[in-house]
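Visitor: I would like the atomic coordinates for the input below:
(2 chains)
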Amino acid sequence: MKRSSWKEYQKEIADDRYYYARSCIRQNFFPGSETTFLRIMREALGKDIFDDPRHTSCTGIGYHSDIVPLDTTMAVVARQFALATEAGYENIAVSCITSFGLYTEILETWHEFPETEARARENLFKATGREFVIPKNIAHTSDLVFHNREKIEELAVRRLVDARTGEPLRIVEHIGCHYAKIFPKSGIGGSEFPYVLAGMVEQWGGSVVDYPERRHCCGFGFRNYLVQANRGFSIANSRKKLESMAPYKPDMIVANCPGCAMFLDKWQYALAEMENSTYGADGRGIPVLTYEEMAGLVLGYDPWEMGMQMHQVDVEPVLERLGVKYDPAAKFLGRAGKYIGAPGEAAVNSFSGDRIYRIRQ
Amino acid sequence: MLMEDVRLREGLRACMNCGVCTGVCPSAEFYDYDPRRIVNIIQGRDDDQIEALLRSETIWYCGECMSCRPRCPRGNTPGYIIQALRTLSQRLGLFVESEKGRQQLALKRTIGQHILDKGYCITPRLVAPSQHPEQGPVWKWAVENDTDFFARLTPNYMGAGSGAVREIDRETISEIQKIFEVTGGSAFFENIEAASDAKAREMGFDGASDRYMMHTFSHNSNRH
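Guide: Sure, this is the predicted structure:
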């Protein structure tokens, strides 16, 4: 297949006025990324995006752990469509990959089996008195950043290049499985050649790393991480990806799924502690960024205000390559600049630069 | 009963046993697991073999990544078939007959209960560092300082209003709980509890206590 085959998988992405569907996983592990996404949409791009306090989990993690029945999940998602309808929004911007896959799957199931839509409408009305109109457009939030990648480039204060040499950063892009493996037509580029992150990287001057296990799952596997006894599955699959990408010497990993961004980061920590294995340059881990953080850096946002200190693998090597000016002493401060200590050390970050964060102690 | 599940109707047309699903499956690499064989059993419609599956460890190995779906040349989805089998295994109370199946109690009491209580699958304190050493020192520090640290990144941490990791209002929580009642989600939870309680007593526990739940959460016989 030709490298340009992603162009065969195009989808319509609404240009403005979105109802925002938060992610349990992203807001938990990367709350600053959700804040950054809204800031990019509103402040940089001037879009209308509604963050509704009444929005809840779609139950997706419970659904894919098989404890929440399909009818229940359908009615919860129907409630979210009802909230959007009531607020006057026809387009949904979904932060979570599991939710995005689930919304897409539910709409396809309603289309294929109309009795399931009728049951969802009846259940929702009986439980809440709410009714809904099916959204006109459903996009993952990474689709929206992709959609606006040229405008972001116009506003950029830097490109994804090494500030010292001018060479493009070598970037591994990881796409969450449920972005396009369930319905390839729902993702930019389909499931084999997804372009949603690669398009951002190339637009902003970086270089995309191709490697054998590029499409392999990050290792979440729902119950295979959520239950402690099963976590060997999770770390083994992350390890397979990391070993496959390491020979290509990536400068960073970027993911569009919040779970993937977390697992590829945290399992690097665990592998370093367990078997002294690291996969990045100079014996350190490979920094893992969310796409909101990558876009935020291009736009000149402060890394610590975006929450980049929440990654276990230090992100400073990427910041330094990009020439980002940051305050080391501000990394682990709480709100209003309050000093709240600092995390313990980790083998995955074992290099001399670590000492800089102890200056306030 | 199995054919009543739309996921099975959508996920299984005639399978030609090529094994591509097994070739790309992350679970097949890690466990003694072969999705091709499961699809073949289901299309054979042998009730005894299907009941054996419902009692087995096998159906609980899949990670539901759905990598099998786009690669199947026949358009089948072994992952959907697994979802239908797991749902039926729990409806019939057969999930407690396997070590991996019994873990459903832990999932129900953590993720499931959290959805009903908080409106989210997880919040920071549910990912307790004591149960999640793999999360590392940064996460431990973030959770231990959550009210100071998360508040730097989001406007209403565990408070009213909009923004990441806010507290969801009681009226909304009550709507979610009502949806669970109306759609059978609550009954599904109660069934997991009842079957687990009976099995726990059979195994010598004092019912489905916290001790039994922690046993299902952490025990690994390493025979997988």
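Visitor: OK, contacts around whichever residue of chain B sits closest to chain A?
Guide: Chain B approaches chain A most closely through B:Gly63 (2.6 Å), counting by Cβ to the nearest Cβ. Where you see a C-beta, it was placed from the backbone N, CA and C, and this is true even at glycine. Each residue near B:Gly63 by Cβ atoms under 8 Å, 6 or more residues apart in numbering or on different chains is listed here: A:Cys217, A:Gly219, A:Phe220, A:Gly221, A:Phe222, A:Arg223, A:Asn224, A:Phe233, B:Pro26, B:Ser27.
Visitor: Pick out whichever of those sits closest to A:Trp304.
Guide: Closest approach between the contacts of B:Gly63 and A:Trp304, by Cβ to Cβ: A:Phe220, at 26.9 Å.
Visitor: Can you classify the closest one as helix, strand or coil?
Guide: The local conformation at A:Phe220, judged by DSSP: H, G, I helix; E, B strand; the rest coil, is coil.
Visitor: For A:Lys47, see how far away it is.
Guide: Distance, A:Phe220 to A:Lys47, using Cβ to Cβ, to the nearest Å: 30 Å.
Visitor: Not counting its neighbours along the chain, what's nearest the residue of chain A found nearest chain B?
Guide: Residue of chain A nearest chain B, by Cβ to the nearest Cβ: A:Gly221 (2.6 Å). Once flanking residues are discounted, A:Gly221 sits nearest to B:Gly63: 2.6 Å by Cβ to Cβ, 6 or more residues apart in numbering or on different chains.
Visitor: SS state for that neighbour?
Guide: Applying three-state DSSP: B:Gly63 is coil.
Visitor: pLDDT score assigned to it?
Guide: With respect to pLDDT, B:Gly63 scores 98.
Visitor: Helices of the stretch 151-300 of chain A, start to end?
Guide: In the stretch 151-300 of chain A, the helices defined using DSSP state H, counting those that start in this stretch lie at A:177-180, A:196-203, A:223-226, A:231-245, A:258-275, A:291-299.
Visitor: List the contacts of the fourth one.
Guide: Looking back up the chat, that one is helix A:231-245. With contacts defined as Cβ under 8 Å, 6+ apart, helix A:231-245 is touched by A:172, A:174, A:209, A:211-214, A:216-221, A:224-225, A:253, A:263-264, A:267-268, A:270-271, A:277, A:279, A:286, B:26-27, B:29-31, B:63, B:134, B:220.
Visitor: Report the angle between it and helix A:258-275.
Guide: 90 degrees (axes from the mean of the first three to the mean of the last three Cα atoms, to 10 degrees).
Visitor: What residues sit buried inside helix A:231-245?
Guide: A:Arg231, A:Phe233, A:Ser234, A:Ile235, A:Asn237, A:Ser238, A:Arg239, A:Lys240, A:Lys241, A:Leu242, A:Ser244, A:Met245 (16 or more other Cβ atoms under 10 Å in any protein chain shown).
Visitor: Alpha carbons only: can I get it in PDB?
Guide: C-alpha atoms of helix A:231-245 as PDB (Å, rounded to 0.1, in the frame of the first residue of the first chain):
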ATOM      1  CA  ARG A 231      -0.900  -6.600  34.800                       C
ATOM      2  CA  GLY A 232       1.800  -8.900  33.300                       C
ATOM      3  CA  PHE A 233      -0.200  -8.700  30.100                       C
ATOM      4  CA  SER A 234      -0.100  -5.000  30.100                       C
ATOM      5  CA  ILE A 235       3.600  -4.500  30.800                       C
ATOM      6  CA  ALA A 236       4.500  -7.300  28.300                       C
ATOM      7  CA  ASN A 237       2.700  -5.600  25.400                       C
ATOM      8  CA  SER A 238       4.100  -2.100  26.200                       C
ATOM      9  CA  ARG A 239       7.600  -3.700  26.400                       C
ATOM     10  CA  LYS A 240       7.100  -5.300  23.000                       C
ATOM     11  CA  LYS A 241       6.300  -1.800  21.500                       C
ATOM     12  CA  LEU A 242       9.200  -0.100  23.300                       C
ATOM     13  CA  GLU A 243      11.700  -2.700  22.200                       C
ATOM     14  CA  SER A 244      10.500  -2.400  18.600                       C
ATOM     15  CA  MET A 245      10.800   1.400  18.500                       C
END
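Visitor: Quick check: the farthest pair among the buried residues of helix A:231-245?
Guide: Top of the distance list for these (Cβ to Cβ): A:Arg231 and A:Met245, 21.2 Å.
Visitor: ok, A:Tyr63 - contacts?
Guide: So A:Tyr63 contacts A:Leu70, A:Thr73, A:Leu102 (Cβ under 8 Å, 6+ apart).
Visitor: among the residues you listed, which are in reach of chain B?
Guide: A:Leu70 (Cβ under 8 Å from any Cβ of the partner chain).
Visitor: can you list the contacts of A:Tyr63 in CSV and add distance to A:Glu43, neighbour count and secondary structure?
Guide: Below are those laid out as CSV (distance: Cβ to Cβ, whole Å; neighbours: other Cβ atoms under 10 Å in any protein chain shown; DSSP: H, G, I helix; E, B strand; the rest coil):
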residue, distance to A:Glu43, neighbour count, secondary structure
A:Leu70, 39, 22, helix
A:Thr73, 34, 23, helix
A:Leu102, 30, 23, helix
